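Engineer: Predicted coordinates and the sequence they were generated for:
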Amino acid sequence: MQFLGLFFHKLEIYMWVVKDLIELIASLLAVRILGNGIIRHLLPKYKERAISIGNLFKILGYLIVIVVIVAFTRISTESALFGGTVTGLVLGLALQPVLGNLFAGLIILGTRFIKPGDIITVLNWQIPYQWAFNPGYKFFSPDYIAPGFKGRVLEIGLFSSSLVTEQGHEIKIPNQILLGGAAIEHYTQWSDYITNTLRVEIPIADIKLFESKAKEVLSKFGNNAEIYISEQSDKNYVIYLIKITMSINEDWLKIKDSILRQLITYKQ
């Protein structure tokens, strides 16, 4: 800038603007690097909570940097207010989706609407409920379909949040959609245990044989496993509902696979 100022004399007048921009960008990058370093350092011990801590540090750091840069800049108060008003009107219209996701993310973080580590199913704002209507004999069935994505909350960012499904897929959901919808919590915040269910359809003639096998298989879970006849699916079949209470850190897919592999061999 000093070299260019030799040829463009008016450029020297605005060198402080470039200096402030460089300080702002460098400070924001420094805050981001420190925040990511905190996440990497805490991740092995605190898992998903480390991401929340790092994101909170970055949010506070960004705010402090912007306030300090603005406080020590050479822009007068009147110019800053006028420029801020004009810029706010232009950017407010152009960046409505971005600002909506930003404020939604701050609300989610502040109110703990959901937290990293939670196991949830994300639904849209209408919270649809659909009864089982096909086949006809299930018209009055309590079964319902919650059309949403189930997974563990990995990160709540400023603009989007990440969800990891049981299949290992990561879904990024804009915060505005997440806050404007509903989230089914699959375990309460006061417990470290979660209850999962299995549905097994069995011929009525095989009830006694199946129940003896099921009790044998579920005996290793003690009081954490229960089995019920949930409903009669048609004239010849009944549906059993098996409830398993387990720690949220256990792998449900492996437990489910083990139980089903043993139950489907009951006729042998």
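Structural biologist: It's in.

Engineer: Check which residues of stretch 68-75 are buried.
Structural biologist: By neighbour count with 16 or more other Cβ atoms under 10 Å, stretch 68-75 contains the buried residues residue 73. All C-beta atoms are positioned from the backbone trio N, CA, C, and that covers glycine.

Engineer: and what of stretch 33-52?
Structural biologist: Residues of stretch 33-52 classed as buried by neighbour count (16+ other Cβ under 10 Å): 35, 38, 39, 42, 48, 50, 51, 52.

Engineer: Equivalent analysis for stretch 202-213, please.
Structural biologist: For stretch 202-213, the buried set under the neighbour-count rule, 16+ other Cβ under 10 Å, comprises 202, 210, 213.

Engineer: could I have that stretch exported to CSV, CA atoms only?
Structural biologist: This file holds the C-alpha atoms of stretch 202-213, laid out as CSV (Å, rounded to 0.1, in the frame of the first residue of the first chain):
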residue,chain,number,x,y,z
ILE,A,202,-45.3,-65.0,14.6
PRO,A,203,-48.0,-67.6,13.6
ILE,A,204,-50.6,-68.0,16.4
ALA,A,205,-49.9,-71.7,16.4
ASP,A,206,-46.3,-71.1,17.4
ILE,A,207,-46.9,-68.8,20.4
LYS,A,208,-45.8,-71.1,23.1
LEU,A,209,-42.7,-72.3,21.2
PHE,A,210,-41.7,-68.7,20.4
GLU,A,211,-42.2,-67.4,23.9
SER,A,212,-40.0,-70.1,25.4
LYS,A,213,-37.2,-69.3,22.9
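
Engineer: So what touches that stretch?
Structural biologist: Applying Cβ atoms under 8 Å, 6 or more residues apart in numbering, the contact partners of stretch 202-213 are 200, 227, 232, 236-240, 262-263, 265-267.
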